[in-house]
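K.L.:
Need coordinates for the following:
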Amino acid sequence: MRIAQKITVLLVGLFAGLPAHATRPGNTILIASDSTAAPYKADRYPQVGWGQMLQCGLSPNVRVANHAMGGRSTRTFLSEGRWERLLADMMPGDTVLIQFGHNDQARGKPERWAPAQSDYRNNLMRFIWDVRGAGGIPVLVTPVARRNFGADGKAMADYPEFSGVMRQLSQDMHVPLIDLETLSRHWLDRAGEEAAKRYYLHYRAEDGIAAFPKGVTDNTHFSEIGGRQVADLVAGGLKALNLPISDKVLAQRPALTRLAPLGRSDCL
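P.N.:
Numbers count the residues shown, from 1 in each chain. Purely as a prediction, here's the structure:
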C-alpha cells in the first residue's frame, strides 16, 4: 500500500467514531448559559430561549450545541459537570457563547451564588482559559435584560455589576463581547413597557395556554416572539465581531425578526 493510501485509511479510521460536525471544526457554536437561552420542549410552548432560536439566523451548515440549562450560574454549571461536557463537545476553531448572571446573583441560593467581583469573575476567567486552551473562541455575552422599567420609562439593568465584570474581562483578556444587556435594553425601550409584555410570558388563564393553565406573569423568560428577537440581537452582535463564524451569520434573518408568532419554535 502506498504511503498516501495508508494516510487516507488512517484518517478515515480516526474520524469514523466522531460526530458529523467533528470533521468540520469551526462550524459549531456552543452555548453556556441559563434558562434565558435554554431549549424548551413543545409542551412548554410558547416559552422559548434565545439559544433555541439562534440556528434560524445562521447558515445551514452551522451547528448550534445549546448546553444552556435553567437555574444555572457559573458555579453550578461547573459543579454539575456541564462545563466539562461542553468542552468535550467542542472542536478547535468552534465558538463558545458564555452568558451568565441571572442566577449568580441569587444570594438566597448559596449553591448558585457567585459574587460578581470574586467567584463570578474567576469562573468566567476559567471558561475563557479552557476554551482558548482547547483551541476554541470564547465570546462573552452580558446578561439579557428583564422587562423591568424605571420611573423614567427606560428599561433597567438588573445585573449591572455582573455585566460590568464581563465588560472589564473583555478588555483585560481581549475576549470578544456581545453586550446583550445594552442591546436588549434598547430593544425594550423601542417597544415600551406595555408593548414589551408580548416578548415575555404574559398570559391569562382564559388565553387557554396548555403550558400555563392558570396564566403566567413572567418578566424574565421569553415568548416565541421574544426568543426570536433576542436571538436576532445575539446573531447581529456575533456578525459584528468579525470572527471566523461571523461570515456564517445571515445578513437577512426573517425567521428571527418576524412580528407574528408562528405557533412553534421552528425557523419557518
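K.L.:
In CSV, could you pull the C-alpha coordinates for the longest helix along the chain?
P.N.:
For the chain, the helix with the greatest residue count under DSSP state H is helix 224-240. Only the C-alpha atoms of helix 224-240 are listed here, as CSV (Å, rounded to 0.1, in the frame of the first residue of the first chain):
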residue,chain,number,x,y,z
GLU,A,224,-41.8,32.8,21.0
ILE,A,225,-41.5,36.3,19.5
GLY,A,226,-39.3,37.5,22.4
GLY,A,227,-37.0,34.4,22.0
ARG,A,228,-36.7,35.0,18.2
GLN,A,229,-35.9,38.7,18.6
VAL,A,230,-33.3,38.3,21.3
ALA,A,231,-31.7,35.6,19.1
ASP,A,232,-31.6,38.2,16.4
LEU,A,233,-29.8,40.6,18.7
VAL,A,234,-27.2,37.9,19.5
ALA,A,235,-26.8,37.0,15.8
GLY,A,236,-26.3,40.6,14.9
GLY,A,237,-23.8,41.0,17.7
LEU,A,238,-21.9,38.0,16.5
LYS,A,239,-21.9,39.1,12.9
ALA,A,240,-20.4,42.5,14.0
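K.L.:
From here on, call the first residue 750.
P.N.:
Sounds good: first residue 750 from here, last item helix 973-989.
K.L.:
That helix: what's the following helix or strand?
P.N.:
Next along the chain after helix 973-989, taking DSSP states H and E as the criterion, comes helix 1003-1006.
K.L.:
and that following helix, how far out from the chain's middle?
P.N.:
Once both centres are worked out by C-alpha atoms, centre = their mean, to the nearest Å, helix 1003-1006 turns out to sit 17 Å from its chain's centre.
K.L.:
and what of stretch 827-842?
P.N.:
Worked out by C-alpha atoms, centre = their mean, stretch 827-842 lies 15 Å from the chain centre.
K.L.:
how long is that stretch end to end?
P.N.:
22 Å (C-alpha to C-alpha, to the nearest Å).
K.L.:
average pLDDT for the lengthiest strand in the chain?
P.N.:
If you go by DSSP state E, the chain has its longest strand at strand 965-971. Mean pLDDT, strand 965-971: 98.
K.L.:
Need the residues that contact that strand.
P.N.:
Strand 965-971 is contacted from outside by 784-785, 796-799, 851, 895-897, 948-952, 958, 979, using C-beta atoms under 8 Å, 6 or more residues apart in numbering. The way it works is simple: take the backbone N, C-alpha and C, and place the C-beta from them, glycine included.
K.L.:
now the angle from it to helix 973-989?
P.N.:
20 degrees (axes from the mean of the first three to the mean of the last three C-alpha atoms, to 10 degrees).
K.L.:
Only C-alpha atoms, please: export strand 965-971 in CSV.
P.N.:
C-alpha atoms of strand 965-971 as CSV (Å, rounded to 0.1, in the frame of the first residue of the first chain):
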residue,chain,number,x,y,z
VAL,A,965,-48.4,33.5,34.0
THR,A,966,-46.7,36.8,34.6
ASP,A,967,-43.0,36.4,34.0
ASN,A,968,-40.7,39.3,33.0
THR,A,969,-37.6,37.2,32.7
HIS,A,970,-38.4,34.4,30.2
PHE,A,971,-39.4,34.8,26.6
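K.L.:
What residues of it count as buried?
P.N.:
Buried residues in strand 965-971, counted by 16 or more other C-beta atoms under 10 Å: 965, 968-971.
K.L.:
of those, closest to residue 862?
P.N.:
Nearest to residue 862, judged by C-beta to C-beta, of the buried residues of strand 965-971 is residue 969 at 17.5 Å.
K.L.:
Could you double-check that residue 880 sits in contact with residue 889?
P.N.:
No: counting by C-beta atoms under 8 Å, residue 880 does not reach residue 889; the two are 10.7 Å apart.
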